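Colleague: Dropping a prediction and its sequence here:
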Amino acid sequence: DQQVKQNSPSLSVQEGRISILNCDYTNSMFDYFLWYKKYPAEGPTFLISISSIKDKNEDGRFTVFLNKSAKHLSLHIVPSQPGDSAVYFCAASDRNFNKFYFGSGTKLNVKP
Amino acid sequence: KAGVTQTPRYLIKTRGQQVTLSCSPISGHRSVSWYQQTPGQGLQFLFEYFSETQRNKGNFPGRFSGRQFSNSRSEMNVSTLELGDSALYLCASSQGEGQNQPQHFGDGTRLSIL
(Lines give C-alpha, C1' and ligand atoms only; values in the text may rest on other atoms or scores of the structure.)
Protein backbone atom coordinates (compact mmCIF):
# COMPACT_ATOMS: atom_id res chain seq x y z
CA ASP A 1 0.00 0.00 0.00
CA GLN A 2 1.57 3.22 -1.16
CA GLN A 3 1.55 5.79 1.64
CA VAL A 4 2.77 8.68 -0.49
CA LYS A 5 1.15 9.27 -3.87
CA GLN A 6 1.86 11.53 -6.77
CA ASN A 7 -1.09 11.09 -9.09
CA SER A 8 0.28 13.10 -12.00
CA PRO A 9 3.08 11.24 -13.78
CA SER A 10 3.89 14.28 -15.91
CA LEU A 11 3.36 18.03 -16.14
CA SER A 12 4.17 20.47 -18.92
CA VAL A 13 4.50 24.20 -18.22
CA GLN A 14 5.58 27.22 -20.23
CA GLU A 15 8.75 29.00 -19.14
CA GLY A 16 8.00 31.86 -16.76
CA ARG A 17 4.71 30.40 -15.57
CA ILE A 18 4.01 28.63 -12.29
CA SER A 19 4.55 24.89 -11.89
CA ILE A 20 2.44 23.16 -9.24
CA LEU A 21 3.31 19.62 -8.28
CA ASN A 22 1.01 17.74 -5.95
CA CYS A 23 1.44 14.96 -3.45
CA ASP A 24 -0.96 13.11 -1.14
CA TYR A 25 -0.21 10.92 1.84
CA THR A 26 -2.23 8.58 3.98
CA ASN A 27 -0.29 8.21 7.22
CA SER A 28 -1.16 10.82 9.85
CA MET A 29 2.04 9.92 11.72
CA PHE A 30 4.17 11.58 9.05
CA ASP A 31 5.61 14.82 10.38
CA TYR A 32 8.37 15.74 7.94
CA PHE A 33 7.92 16.21 4.22
CA LEU A 34 10.47 16.75 1.48
CA TRP A 35 10.76 17.35 -2.23
CA TYR A 36 13.58 15.97 -4.34
CA LYS A 37 14.55 16.71 -7.92
CA LYS A 38 16.09 14.05 -10.12
CA TYR A 39 17.88 14.41 -13.44
CA PRO A 40 18.59 11.35 -15.61
CA ALA A 41 21.69 9.40 -14.58
CA GLU A 42 21.92 11.26 -11.26
CA GLY A 43 20.63 10.57 -7.79
CA PRO A 44 17.76 12.62 -6.35
CA THR A 45 18.79 16.02 -5.02
CA PHE A 46 17.15 17.47 -1.94
CA LEU A 47 15.17 20.58 -2.82
CA ILE A 48 13.04 21.77 0.09
CA SER A 49 11.36 20.40 3.19
CA ILE A 50 8.61 21.28 5.63
CA SER A 51 7.81 20.19 9.14
CA SER A 52 4.26 19.36 10.14
CA ILE A 53 4.18 22.34 12.51
CA LYS A 54 4.26 24.66 9.50
CA ASP A 55 1.96 25.08 6.53
CA LYS A 56 4.37 26.88 4.22
CA ASN A 57 8.09 27.00 3.57
CA GLU A 58 9.70 29.16 0.94
CA ASP A 59 13.17 29.04 -0.59
CA GLY A 60 13.74 31.32 -3.55
CA ARG A 61 11.55 30.22 -6.44
CA PHE A 62 10.39 27.13 -4.55
CA THR A 63 7.53 27.06 -2.04
CA VAL A 64 6.09 23.99 -0.36
CA PHE A 65 2.58 24.09 1.09
CA LEU A 66 1.28 21.57 3.58
CA ASN A 67 -2.41 20.93 4.27
CA LYS A 68 -2.46 18.49 7.15
CA SER A 69 -6.23 18.11 7.31
CA ALA A 70 -6.29 17.08 3.65
CA LYS A 71 -3.01 15.14 3.93
CA HIS A 72 -1.79 17.02 0.92
CA LEU A 73 1.34 18.92 0.01
CA SER A 74 2.32 20.82 -3.06
CA LEU A 75 5.44 22.33 -4.55
CA HIS A 76 5.17 25.64 -6.39
CA ILE A 77 7.94 26.79 -8.71
CA VAL A 78 7.70 30.42 -9.76
CA PRO A 79 8.84 31.37 -12.31
CA SER A 80 9.52 28.04 -13.98
CA GLN A 81 12.74 27.71 -15.97
CA PRO A 82 13.79 25.12 -18.58
CA GLY A 83 16.50 23.92 -16.17
CA ASP A 84 13.73 22.89 -13.77
CA SER A 85 12.78 20.08 -16.17
CA ALA A 86 13.31 16.93 -14.14
CA VAL A 87 11.45 14.28 -12.20
CA TYR A 88 10.21 15.53 -8.82
CA PHE A 89 9.66 13.15 -5.93
CA CYS A 90 7.85 13.98 -2.74
CA ALA A 91 8.74 12.08 0.41
CA ALA A 92 7.57 11.81 3.99
CA SER A 93 9.07 10.42 7.13
CA ASP A 94 7.65 9.07 10.36
CA ARG A 95 8.19 10.48 13.83
CA ASN A 96 11.35 8.52 14.36
CA PHE A 97 12.91 10.08 11.24
CA ASN A 98 14.18 6.63 10.35
CA LYS A 99 12.24 5.73 7.25
CA PHE A 100 11.37 7.82 4.24
CA TYR A 101 8.44 7.03 1.98
CA PHE A 102 8.58 8.28 -1.60
CA GLY A 103 5.97 9.00 -4.22
CA SER A 104 6.31 7.64 -7.74
CA GLY A 105 7.46 10.98 -9.13
CA THR A 106 6.16 13.66 -11.51
CA LYS A 107 8.11 14.46 -14.64
CA LEU A 108 8.10 18.23 -15.16
CA ASN A 109 8.80 19.65 -18.60
CA VAL A 110 9.31 23.40 -18.78
CA LYS A 111 9.03 24.57 -22.37
CA PRO A 112 11.10 27.55 -23.52
CA LYS B 1 32.10 17.84 2.13
CA ALA B 2 32.13 14.85 -0.19
CA GLY B 3 28.72 13.51 -1.16
CA VAL B 4 27.40 9.98 -1.06
CA THR B 5 29.52 7.71 -3.23
CA GLN B 6 28.20 4.55 -4.82
CA THR B 7 30.27 1.98 -6.66
CA PRO B 8 30.18 0.67 -9.26
CA ARG B 9 28.09 3.06 -11.39
CA TYR B 10 27.11 0.35 -13.86
CA LEU B 11 27.00 -3.42 -13.59
CA ILE B 12 25.92 -6.21 -15.91
CA LYS B 13 25.16 -9.65 -14.52
CA THR B 14 23.34 -12.79 -15.62
CA ARG B 15 20.48 -14.62 -13.98
CA GLY B 16 21.47 -16.72 -10.99
CA GLN B 17 24.57 -14.70 -10.16
CA GLN B 18 24.98 -12.58 -7.08
CA VAL B 19 26.07 -8.97 -6.78
CA THR B 20 27.43 -6.63 -4.12
CA LEU B 21 26.96 -2.88 -4.29
CA SER B 22 28.83 -0.40 -2.15
CA CYS B 23 27.88 2.92 -0.60
CA SER B 24 30.02 5.43 1.28
CA PRO B 25 27.87 7.97 3.15
CA ILE B 26 28.60 11.61 3.79
CA SER B 27 31.15 11.97 6.56
CA GLY B 28 29.41 12.04 9.92
CA HIS B 29 26.23 10.41 8.65
CA ARG B 30 25.37 7.23 10.50
CA SER B 31 22.19 6.19 8.72
CA VAL B 32 22.31 4.56 5.29
CA SER B 33 19.20 3.58 3.35
CA TRP B 34 18.91 1.63 0.11
CA TYR B 35 16.23 2.09 -2.54
CA GLN B 36 15.35 0.37 -5.80
CA GLN B 37 14.04 2.43 -8.69
CA THR B 38 12.56 0.74 -11.76
CA PRO B 39 11.06 2.45 -14.83
CA GLY B 40 7.74 4.07 -13.97
CA GLN B 41 8.14 3.30 -10.27
CA GLY B 42 9.04 5.50 -7.39
CA LEU B 43 11.79 4.71 -5.00
CA GLN B 44 11.04 1.40 -3.34
CA PHE B 45 12.57 1.19 0.12
CA LEU B 46 14.84 -1.79 0.69
CA PHE B 47 16.34 -1.30 4.15
CA GLU B 48 18.01 1.17 6.46
CA TYR B 49 21.10 0.70 8.61
CA PHE B 50 22.16 2.75 11.59
CA SER B 51 25.25 2.08 13.66
CA GLU B 52 25.81 -1.28 11.98
CA THR B 53 22.27 -2.48 12.73
CA GLN B 54 19.38 -2.92 10.35
CA ARG B 55 16.75 -0.57 11.72
CA ASN B 56 14.07 -0.77 9.03
CA LYS B 57 13.25 -3.17 6.23
CA GLY B 58 11.04 -2.94 3.16
CA ASN B 59 9.01 -5.64 1.44
CA PHE B 60 11.70 -7.34 -0.56
CA PRO B 61 12.58 -11.05 -0.58
CA GLY B 62 15.43 -12.45 1.47
CA ARG B 63 17.65 -12.47 -1.62
CA PHE B 64 18.22 -8.81 -0.85
CA SER B 65 20.47 -8.23 2.13
CA GLY B 66 22.84 -5.62 3.41
CA ARG B 67 25.24 -4.67 6.11
CA GLN B 68 26.93 -1.63 7.55
CA PHE B 69 30.48 -1.33 8.78
CA SER B 70 31.85 0.58 11.74
CA ASN B 71 32.84 3.48 9.46
CA SER B 72 29.17 3.69 8.30
CA ARG B 73 29.97 2.42 4.83
CA SER B 74 27.31 0.01 3.64
CA GLU B 75 27.03 -2.83 1.19
CA MET B 76 23.98 -4.35 -0.41
CA ASN B 77 23.94 -7.90 -1.72
CA VAL B 78 21.49 -9.52 -4.07
CA SER B 79 21.76 -13.29 -4.56
CA THR B 80 20.28 -15.52 -7.26
CA LEU B 81 19.65 -12.57 -9.54
CA GLU B 82 16.44 -12.42 -11.57
CA LEU B 83 15.62 -10.41 -14.67
CA GLY B 84 13.27 -8.25 -12.60
CA ASP B 85 16.16 -7.12 -10.44
CA SER B 86 17.33 -4.87 -13.26
CA ALA B 87 17.02 -1.41 -11.75
CA LEU B 88 18.77 1.66 -10.45
CA TYR B 89 19.86 1.08 -6.86
CA LEU B 90 20.18 4.23 -4.83
CA CYS B 91 21.85 4.75 -1.51
CA ALA B 92 21.01 7.66 0.76
CA SER B 93 22.61 8.83 3.97
CA SER B 94 21.48 11.04 6.82
CA GLN B 95 22.56 11.81 10.34
CA GLY B 96 19.88 9.41 11.44
CA GLU B 97 18.85 10.89 14.74
CA GLY B 98 17.94 14.17 16.35
CA GLN B 99 16.21 16.90 14.38
CA ASN B 100 14.56 16.32 11.04
CA GLN B 101 17.25 15.98 8.41
CA PRO B 102 16.88 15.15 4.72
CA GLN B 103 18.50 12.13 3.17
CA HIS B 104 21.24 12.77 0.64
CA PHE B 105 21.51 10.45 -2.32
CA GLY B 106 24.33 9.02 -4.33
CA ASP B 107 24.09 8.76 -8.12
CA GLY B 108 23.16 5.11 -7.92
CA THR B 109 24.32 1.83 -9.41
CA ARG B 110 22.60 0.80 -12.63
CA LEU B 111 22.26 -2.99 -12.52
CA SER B 112 21.32 -4.83 -15.68
CA ILE B 113 20.49 -8.53 -15.64
CA LEU B 114 20.86 -10.45 -18.89
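Modeller: Happy to help now that I have it.

Colleague: Please name the nearest non-neighbouring residue to the spatially most central residue of chain B.
Modeller: In chain B, the centroid-proximal residue (C-alpha atoms, centre = their mean) is B:W34; its distance is 3.0 Å. Distances taken as C-beta to C-beta, 6 or more residues apart in numbering or on different chains place B:L46 nearest to B:W34, at 4.1 Å, with adjacent residues excluded. Backbone N, C-alpha and C define where each C-beta goes, glycine included.

Colleague: Unless I'm misreading it, the one you found sits right up against B:Q37, doesn't it?
Modeller: No: counting by C-beta atoms under 8 Å, B:Q37 is not a contact partner of B:L46; they are 10.7 Å apart.

Colleague: so what's in contact with these two at the same time?
Modeller: B:Y89 (C-beta atoms under 8 Å, 6 or more residues apart in numbering or on different chains).

Colleague: sorry, back to before: the residue nearest to the centre of chain B touches B:S74, doesn't it?
Modeller: Yes: under the criterion of C-beta under 8 Å, B:W34 makes contact with B:S74 at 7.4 Å.

Colleague: can you list residues touching both of the two?
Modeller: B:23, B:66, B:91.

Colleague: mind putting those residues in TSV, distance to A:T45, neighbour count and pLDDT included?
Modeller: Conversion of the shared contacts of B:W34 and B:S74 to TSV gives the following (distance: C-beta to C-beta, whole Å; neighbours: other C-beta atoms under 10 Å in any protein chain shown; pLDDT from 0 to 100):
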residue	distance to A:T45	neighbour count	pLDDT
B:C23	17	28	98
B:G66	23	22	97
B:C91	14	29	96
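
Colleague: Would you mind listing what in chain B touches chain A?
Modeller: Applying C-beta under 8 Å from any C-beta of the partner chain, one finds that chain B approaches chain A through B:4, B:6, B:31, B:33, B:35, B:40-43, B:45, B:48, B:50, B:55-56, B:90, B:92, B:94, B:96-98, B:100-108.

Colleague: Need the buried ones from these selected in ChimeraX.
Modeller: This is the ChimeraX syntax for the buried subset of the residues of chain B next to chain A, where burial follows 16 or more other C-beta atoms under 10 Å in any protein chain shown:
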select /B:4,6,31,33,35,42,43,45,48,50,55,56,90,92,94,96,100,101,102,103,104,105,106,107,108
